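> Quick one: sequence plus predicted model below, questions after.
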Amino acid sequence: MSLIVRRGTFWAASLSAILLLMSSHCLAGGNTGFYLGAGAGQLQGDKDFDDEAGLGKVFAGYNFGWLPFLDLGAELSYMNGSELHDHIDGHSASLEIDSWQAMGIAGLSFGPFGVYGKAGFADWDAERRGAGDLDRNFDGTDPVYGIGARLKLFDVTGRLEVERIDTGDIGNIDSLTGSVVYTF
């Protein structure tokens, strides 16, 4: 009889745990809906401009929240970097970059904490300035991808992410950004 009671208790406890995990509160992904955000960070150049500079970023997106623990969304962003400095052919030069980006986002949500990956395309412009005939404008549309983590506190979410614009003309442009996001 004691074995039957223990098995019954085990199954009752297991069923209770499953029902608790299936409640919408525990399975809710990240915030569903439209969001706006802004951030600042650091930009790292490549090739001729192996330097670091500051950057500012604004973005808007939508998180679909269709599946538990899974965040799916789309995001549009604008990034403006400060000048990267280096020397080309013995002359001092600078490179300033700005970019419009469209990306899809997929991530895992663990309550207030989440991790995500993003990929899409960046339409970028770069102005190279320097002595002699170094002045030149570059532009292109190239792949952009990144990874990030988020933490929600009250109605605001903080994000930390790393992204790379994979350009052929000026080398890779890497960024590290800390952002604040508000979901409507």
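Now that the structure is in, tell me what you want to look at.
> switch to C-alpha atoms for all contacts and neighbour counts from now on
Noted.
> so how far is residue 173 from the nearest residue to residue 77 once chain neighbours are set aside?
The shortest distance from residue 77 to any non-neighbouring residue, by CA to CA, 6 or more residues apart in numbering, is to residue 59 (4.0 Å). Counting by CA to CA, to the nearest Å, the separation of residue 59 from residue 173 is 18 Å.
> report the longest strand in the protein, please.
strand 91-110 (DSSP state E).
> Could you export that one as PDB, CA atoms only?
The C-alpha coordinates for strand 91-110 follow below in PDB (Å, rounded to 0.1, in the frame of the first residue of the first chain):
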ATOM      1  CA  HIS A  91      49.000  60.200 -44.900                       C
ATOM      2  CA  SER A  92      46.700  60.600 -42.000                       C
ATOM      3  CA  ALA A  93      43.100  59.700 -42.900                       C
ATOM      4  CA  SER A  94      39.700  59.200 -41.300                       C
ATOM      5  CA  LEU A  95      36.700  57.100 -42.100                       C
ATOM      6  CA  GLU A  96      33.100  57.900 -41.000                       C
ATOM      7  CA  ILE A  97      30.400  55.200 -41.300                       C
ATOM      8  CA  ASP A  98      26.600  55.200 -41.100                       C
ATOM      9  CA  SER A  99      24.300  52.300 -41.800                       C
ATOM     10  CA  TRP A 100      20.600  51.400 -42.200                       C
ATOM     11  CA  GLN A 101      19.900  47.800 -41.200                       C
ATOM     12  CA  ALA A 102      17.000  45.400 -41.600                       C
ATOM     13  CA  MET A 103      17.300  42.100 -39.600                       C
ATOM     14  CA  GLY A 104      15.300  39.100 -38.500                       C
ATOM     15  CA  ILE A 105      15.800  38.100 -34.800                       C
ATOM     16  CA  ALA A 106      15.400  34.700 -33.200                       C
ATOM     17  CA  GLY A 107      16.100  34.000 -29.500                       C
ATOM     18  CA  LEU A 108      15.400  32.000 -26.400                       C
ATOM     19  CA  SER A 109      13.600  33.600 -23.500                       C
ATOM     20  CA  PHE A 110      14.100  32.500 -19.900                       C
END
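> what packs against it?
For strand 91-110, the packing partners by 3 or more CA pairs under 8 Å, 6 or more residues apart in numbering; DSSP states H and E come out as strand 70-81, strand 84-88, strand 113-130.
> Within the sheet, what are the partner strands of that strand, with directions?
strand 70-81 (antiparallel), strand 84-88 (antiparallel), strand 113-130 (antiparallel) (DSSP bridges).
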